[in-house]
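Build me a structure from this.
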Amino acid sequence: MRPGMVEGILREMNTSADIERLLREMLLVAIAEAQPAIRIPAFLPAVPRGRTIVIGAGKASAAMARAFETHWQGPIEGLVVTRYGYAVPCERIDILEAAHPVPDANGVRAAERILQKVSGLSADDLVVCLISGGGSALLALPAHGLTLQVKQDINQALLASGASISDMNCVRRHLSAIKGGHLAAACYPARVVNLLVSDVPSDNPSDIASGPTVPDASTCRDALAVLQRYAINVPPGVTGMLEQGLSETLKPGSSRLPRIETHLIATPQLALEAAARHAEAAGMATHILGDAIEGEAREVGIVMAGIASQVAHRNQPFKAPCILLSGGETTVTIRGTGRGGRNVEFLLSLALALKGKDGIYAIAADTDGVDGQEEIAGALLTPDTLARAQAQGIRPSERLQNNDAHGFFQAIGDSVVTGPTLTNVNDFRAILIAPQSGVP
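Predicted structure coming up:
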């Protein structure tokens, strides 16, 4: 769009298609900015005297592996695991696939093979670890004495509990034989270089895929407290293991850890800034509210509706027309029988709070292309969203209470489907506010 075009569009009566196009473009620009192909080259380490082993896990790990081997000037070998459907062909790095968000046996086998790949290394060798969101489920190796089924049950319960990603990963680290720095310890004495695509609020490396190759300051007691806080029922053996500290993670300064260098190559903030530049080039003032917003998705929707309404009616804290951008990772406490999805739950809550307010549009999507467990990235919101749904006999508030926002937006044709994006920098939310009649 030409600079200033959006402001001209907003003065017209029939604006919806152009505004929706701009919001979709902003999402795609955010995703494009976090693509491994453009982020990896700036972070290539020096070629070592010994071997170069590439390992990794996450929804972006296969794309990261392809980008790395494309630009690497030397011998290379390796193995990464990604989500089913997210594999891309590599010539020298093996690509495995496993389940997400609940781990499966392929994730266990992948973890075992990765540990074998880094065994017996020397101080002259280099291990490049390519980690992105989703790696916690994909790199599944239960701690000694635990079964995969136990980990699956706990993971399912955490996903339904409304626990934050930080809390979930605290538990996952302490029930794992590979997370929480254990994979880094297996690489000793080789040098480890981590290239991370962040999908977590505050970009904490120990929370990205539960930190398999970085030290962890949290404890077994912290993990036990999380399970108690969310009333997660676990077998007595799990409680005993955590109480006795039998599955502790590797702490900062541990002599078991090798030399570790960590780089965040793509982050939610980076993606939001790219989307903001795109909107501003189209003539829209854009404001980033935060890249680490957490909380219940439906409650965040209510708060954002209040901010948008204040902008629309009071020109505070920003003057309309403008776009409000935010990222982070909200949560959903499953109480109904619907299909979940934190981005669509946020959006449906936003719609109900706005009550069809004229001139407010929004998009919310997961940048990996999967919101919850659906192969749907998110959805669009327009001023007539509720009216169109009600015309079909759909009750929006009932859909929200049943955690069925995916079903709601699919029924009115407003789902956003990207397919596998091969990256993951968390949630993307944009709210466009046009000037309201009678507002100076």
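
Pop the domain breakdown of the chain in here.
Using automatic domain parsing, the domains assigned to the chain come out as 5-34+269-433, 36-266.

Dump these to a markdown table, plus mean neighbour count and mean pLDDT.
(C-beta placed from N, C-alpha, C; glycine too.) Below are the domains of the chain laid out as a markdown table (neighbours: other C-beta atoms under 10 Å; pLDDT from 0 to 100):
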| stretch | mean neighbour count | mean pLDDT |
| --- | --- | --- |
| domain 5-34+269-433 | 20 | 93 |
| domain 36-266 | 21 | 96 |
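
do you know how far the residue lying closest to residue 266 once chain neighbours are set aside is from residue 426?
Using C-beta to C-beta, 6 or more residues apart in numbering and skipping the chain neighbours, the partner closest in space to residue 266 is residue 34 (4.0 Å). With distances taken as C-beta to C-beta, to the nearest Å, residue 34 is found 10 Å from residue 426.

joint contacts of those two?
residue 367 (C-beta atoms under 8 Å, 6 or more residues apart in numbering).

gap between stretch 228-235 and the chain center?
24 Å (C-alpha atoms, centre = their mean, to the nearest Å).

Residues contacting that stretch, please?
With contact meaning C-beta under 8 Å, 6+ apart, stretch 228-235 is reached by 150, 154, 157-158, 161-163, 167, 171, 226-227.

Please repeat the previous calculation with a cut-off of 7 Å.
Contacting residues not belonging to stretch 228-235 are listed as 150, 154, 157-158, 161, 163, 227 [C-beta atoms under 7 Å, 6 or more residues apart in numbering].

Narrow those to those in helices?
150, 154, 157-158, 161, 227 (DSSP state H).

From what I see, residue 311 and residue 321 are in contact.
No: applying C-beta atoms under 7 Å as the test, residue 311 and residue 321 come out as separate, 9.2 Å apart.

Give the residues shared as contacts by the two.
Joint contacts of residue 311 and residue 321 (C-beta under 7 Å, 6+ apart) are residue 433.

ok, which stretches of the stretch 101-250 of the chain are strands?
For the stretch 101-250 of the chain, applying DSSP state E, counting those that start in this stretch gives strands covering 126-132, 191-197.

With distance to residue 52 added, can I get those in a markdown table?
Shown next, in a markdown table, are the strands of the stretch 101-250 of the chain (distance: least, C-beta to C-beta, whole Å):
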| stretch | distance to residue 52 |
| --- | --- |
| strand 126-132 | 5 |
| strand 191-197 | 10 |
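
now for those, which one comes closest to residue 108?
Ranking the strands of the stretch 101-250 of the chain by proximity to residue 108 (C-beta to C-beta) places strand 126-132 first, at 18.0 Å.

mind listing what that closest one pairs with, with the direction of each?
Strand 126-132 sits in its sheet next to strand 52-57 (parallel), strand 191-197 (parallel), going by DSSP bridges.

re earlier: among the strands of the stretch 101-250 of the chain, single out whichever gets nearest to residue 399.
Nearest of the strands of the stretch 101-250 of the chain to residue 399, taken as C-beta to C-beta: strand 126-132 at 31.5 Å.

For the stretch 201-350 of the chain, just list every one of the helices.
220-229, 236-243, 268-281, 297-314, 342-354 (DSSP state H, counting those that start in this stretch).

So which other helices or strands are in contact with the third one?
Counting contacts by 3 or more C-beta pairs under 7 Å, 6 or more residues apart in numbering; DSSP states H and E, the secondary-structure elements packed against helix 268-281 are helix 16-33, strand 285-293, strand 322-328.

Serialize the helices of the stretch 201-350 of the chain to JSON lines and add fields for distance to residue 18.
Listed next are the helices of the stretch 201-350 of the chain as JSON lines, based on distance: least, C-beta to C-beta, whole Å:
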{"stretch": "helix 220-229", "distance to residue 18": "46"}
{"stretch": "helix 236-243", "distance to residue 18": "54"}
{"stretch": "helix 268-281", "distance to residue 18": "13"}
{"stretch": "helix 297-314", "distance to residue 18": "19"}
{"stretch": "helix 342-354", "distance to residue 18": "20"}
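
closest one to residue 60 among these?
Of those, nearest to residue 60 by C-beta to C-beta is helix 268-281, at 12.5 Å.

what's next to the closest one, contact-wise?
Residues from elsewhere that reach helix 268-281, judged by C-beta under 7 Å, 6+ apart: 3, 22, 25-26, 29-30, 33-34, 198, 286, 288, 291, 323, 325, 327-328, 367, 425-426, 428, 430.

what is the orientation angle of that helix with helix 16-33?
140 degrees (axes from the mean of the first three to the mean of the last three C-alpha atoms, to 10 degrees).

quick one: residue 222 from residue 174, how far?
Taken as C-beta to C-beta, the span from residue 222 to residue 174 is 8 Å.

do the same with residue 144
Residue 144 is 12 Å from residue 174, by C-beta to C-beta.

How about residue 335?
27 Å.

ok, residue 142 touching residue 153?
No: applying C-beta under 7 Å as the test, residue 142 and residue 153 come out as separate, 11.6 Å apart.
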